[in-house]
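Asker: here are the coordinates; sequence isn't available:
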């Protein structure tokens, strides 16, 4: 069983930046990786996902511009840099892994982290 562990969440003010990190307990280079967020009572929302090599990253239109995913296959980590945060970005952010980018994009990754809470105050 592969484990993913997120860190870096917390309480910030609107306009601040925050960087989340995810450590992948396996050979990360063989997995597409992504970040998905969820607000209680609402559907999960893809933040973005990156292919195995990290040379290409997909963001939904609603996430373009303020969120950046990067991965370091040597360190088995994938990060999410969030800039100009807004109160509506408040959510639990999950790291996710799948053999294909498609599985992350459609919300069916093979592995999930436990999530890290991000709260953005007005």
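Answerer: Looks like it came in fine. The structure presented is a predicted model; accordingly, all values stated were derived computationally and were not measured.

Asker: residues in contact with the closest residue to residue 50 other than its chain neighbours?
Answerer: Of all residues not flanking residue 50 in the chain, residue 57 sits nearest, at 4.3 Å (Cβ to Cβ, 6 or more residues apart in numbering). The way it works is simple: take the backbone N, C-alpha and C, and place the C-beta from them, glycine included. Residue 57 makes contacts with 48, 49, 50, 51, 68, 69, as judged by Cβ atoms under 8 Å, 6 or more residues apart in numbering.

Asker: quick one, what contacts the most centrally placed residue in the chain?
Answerer: Centroid-nearest residue in the chain, with Cα atoms, centre = their mean: residue 35, separated by 2.1 Å. Residue 35 is in contact with 20, 22, 46-49, 67, 69, 78, 80, 93-96, counting by Cβ under 8 Å, 6+ apart.

Asker: and it, that one's in a strand?
Answerer: Yes: Residue 35 sits within a strand when classified using DSSP: H, G, I helix; E, B strand; the rest coil.

Asker: still on that earlier bit, what is the nearest of the contacts of residue 35 to residue 115?
Answerer: Distance to residue 115, by Cβ to Cβ, is smallest for residue 94 among the contacts of residue 35, at 4.8 Å.

Asker: just to revisit the earlier point, gap between the residue nearest to residue 50 and residue 47?
Answerer: Relative to residue 47, residue 57 is positioned 11 Å away (Cβ to Cβ, to the nearest Å).

Asker: Next: residue 75.
Answerer: 20 Å.

Asker: These two: which is more packed in?
Answerer: residue 47 (24 against 12; other Cβ atoms under 10 Å).

Asker: residues in contact with the helix or strand hosting that one?
Answerer: Element membership for residue 47, per DSSP states H and E: strand 45-50. Applying Cβ under 8 Å, 6+ apart, the set of residues contacting strand 45-50 from outside is 32-38, 56-60, 62-63, 67-71, 78, 80, 91, 93, 96, 101, 104-105, 107.

Asker: give me that answer again for 7 Å
Answerer: Residues outside strand 45-50 that contact it (Cβ atoms under 7 Å, 6 or more residues apart in numbering) are 32-38, 56-60, 63, 67, 69, 71, 78, 80, 101, 104-105, 107.
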